[in-house]
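Q: got a predicted model here, sequence first, then my questions.
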Amino acid sequence: MRFSTFFQANGQLGATLLITGCCIGAGMLGMPVMSAMAGFIPTTLAMALCYCFTTFTGLLILEATLWFNGNVNLPSIVEMTLGKFGKVMTLLLFLFLFYCLFVAYLDGGGALFADIISSLIHHSVSRAIGILACVSFVGIITYLGTQLVDGINRSLLLGLVISYCILVCIGLPKVSQANLKHMDLTASLATIPILLICFGYHNLVPSITYYLKKNVNAIRFAIIVGNLIPFFVYLLWNFVILGMLNSADIHSSLKADMVTDLLQGASSSLSIIVFVKMFSLFAMLTSFIPTAISFADFLKDGFKKTFRAEQKNDFVLYGLVFIPPLICTLFYPHLFLQALGFAGGFIDVLLFGALPATVILVGRNIKKMEGPYQVIGGNLTPIIILLSSALVLLLKLKGS
């Protein structure tokens with residue numbers, strides 16, 4: 001039986017793994033860099049809080065989606081509860097989120113491509129060449145269509161899983177318990193923006209709702225478990241990486257952008273460095289390529305009169321997707337962590353935290369909307385989400 005047929009026959013499993021796949025990606029490359037200063041235990045606590053936050057916000061979006069009979073998405077839901085102004089703000093937040101993620105992908109991917117090209121030609125190439133190679137590779141794949149993307153993405157996902165497993169197996173014997181005892185609770189606050197990106201799946205909730213034919217129990221399972229699997233993947237990832245870092249390596253993390261930079265100086269094992277670079281490349285591309293397709297569809301939907309549905313290969317459309325973040329990345333290098341931090345600390349919190357909570361409060365209490373499902377806790381749950389979102393925003397503003 002083909003995997004696609006298997007997932008269709010087992011919709012709950014397919015939806016669960018879809019959420020898991022959406023979460024696991026480029027955020028993992030910045031996570032250990034931010035976690036190094038905080039330590040394993042404080043980061044794990046922060047990770048648990050972020051899991052709870054993102055799980056409940058996903059369930060809030062599910063509740064709002066089930067208010068409607070037809071197929072809706074987040075902008076439509078917001079327009080119904082908060083009006084056209086709310087819809088415009090939602091679309092702008094989506095736009096900023098896509099561009100921030102693309103700046104991070106191009107910056108991190110450019111460094112990885114530069115390393116690969118340098119190894120192949122046995123001559124050092126600049127980061128700018130790596131960035132151009134990265135955007136060309138992803139741009140061509142995206143432009144050629146979804147059938148090609150699907151095949152390439154499956155191969156990349158397989159490479160991601162294999163390289164992760166090999167890296168963990170190689171790294172586990174090198175973990176030192178003493179290295180895991182480092183603790184800085186204050187520094188753990190800085191990990192929250194990256195962790196929120198690592199648990200990002202919310203844009204899938206409306207699609208999964210209709211994919212599972214509004215089966216509330218199946219959708220809840222997909223959200224809760226689909227988000228929980230990345231938690232354990234990240235937990236083991238941090239355990240291995242942080243367990244190999246001594247105090248000198250932790251201090252050097254201040255100068256690192258990605259886990260590849262962190263381990264380059266911390267590990268003398270060539271195999272670990274090779275596999276962490278392989279994993280990093282797969283993680284970057286499996287995030288970048290689907291996001292590029294989503295962004296193109298987002299722009300096509302937002303400018304329906306300009307980009308008609310039949311014009312699948314429009315140079316202007318893909319120029320809007322890739323050129324602005326490319327220019328930003330070329331002129332302002334080393335923005336990987338900053339872009340992810342801004343996306344997670346500001347945009348993600350507003351778009352997938354404060355916004356769903358506000359929609360639920362307005363929908364329940366003012367619009368008197370009702371559906372087959374309501375998140376546990378009554379109005380207290382969205383209020384806690386709003387307060388938590390405000391706290392994260394304040395911490396990010398204070399730290400920036």
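A: Happy to help now that I have it. Here the structure is a predicted model, which means the values were calculated and not measured.
Q: strands of the stretch 301-400 of the chain, start to end?
A: Using DSSP state E, counting those that start in this stretch, the stretch 301-400 of the chain contains no strands.
Q: low-confidence regions, it specifically.
A: The model of the stretch 301-400 of the chain has pLDDT under 70 over residues 301-313, 400.
Q: once you drop chain neighbours, what's closest to Q374?
A: E63 (5.9 Å; Cβ to Cβ, 6 or more residues apart in numbering). All C-beta spots, glycine's among them, are computed from the backbone N, C-alpha and C.
Q: element containing that neighbour, please.
A: For E63, the host element (DSSP states H and E) is helix 40-65.
Q: quick check: which helices or strands does the helix or strand just after that helix pack against?
A: For helix 40-65, the following helix or strand on the C-terminal side (DSSP H and E) is helix 74-121. For helix 74-121, the packing partners by 3 or more Cβ pairs under 8 Å, 6 or more residues apart in numbering; DSSP states H and E come out as helix 27-38, helix 40-65, helix 127-144, helix 259-266, helix 270-302, helix 315-331, helix 336-342, helix 355-365.
Q: please identify the deepest-packed of those helices.
A: Most buried of those, by mean neighbour count (mean count of other Cβ atoms under 10 Å): helix 27-38, with a mean of 26.
Q: I166 touches V276, doesn't it?
A: No - contact status for I166 versus V276: not in contact, 10.1 Å apart, counting by Cβ atoms under 8 Å.
Q: show me the shaky parts of the stretch 151-300 of the chain.
A: 248-256, 264-269.
Q: how about the helices in it?
A: Using DSSP state H, counting those that start in this stretch, the helices of the stretch 151-300 of the chain run over 185-188, 192-198, 205-211, 216-243, 247-252, 259-266, 270-302.
Q: next, format the helices and strands packed on helix 74-121 as TSV and append distance to V216.
A: Below are the helices and strands packed on helix 74-121 laid out as TSV (distance: least, Cβ to Cβ, whole Å):
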stretch	distance to V216
helix 27-38	29
helix 40-65	8
helix 127-144	35
helix 259-266	38
helix 270-302	26
helix 315-331	35
helix 336-342	33
helix 355-365	16
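Q: what's the closest of those helices to V88?
A: Among the helices and strands packed on helix 74-121, helix 270-302 comes nearest to V88, with 10.6 Å by Cβ to Cβ.
Q: who are the packing partners of the closest one?
A: Contacts defined by 3+ Cβ pairs under 8 Å, 6+ apart place helix 270-302 against helix 27-38, helix 74-121, helix 127-144, helix 146-171, helix 259-266, helix 315-331.
Q: so for L397, which of these sits nearest?
A: Of all those, helix 74-121 sits nearest to L397, with 16.2 Å by Cβ to Cβ.
Q: so the closest one versus helix 355-365, what angle?
A: 170 degrees (axes from the mean of the first three to the mean of the last three Cα atoms, to 10 degrees).
Q: quick one on the thing from earlier: who are the neighbours in contact with the residue nearest to Q374?
A: The contact partners of E63, taken as Cβ atoms under 8 Å, 6 or more residues apart in numbering, are I360, G371, Y373, Q374, V375.
Q: check L228 too.
A: Here L228 is in contact with Y51, T55 (Cβ under 8 Å, 6+ apart).
Q: I'd like to know how far it sits from Q374.
A: 22 Å (Cβ to Cβ, to the nearest Å).
Q: hang on, the earlier thing: distance to G14 added to the helices and strands packed on helix 270-302, as CSV?
A: Putting the helices and strands packed on helix 270-302 into CSV (distance: least, Cβ to Cβ, whole Å) gives the following:
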stretch, distance to G14
helix 27-38, 23
helix 74-121, 21
helix 127-144, 23
helix 146-171, 14
helix 259-266, 30
helix 315-331, 27
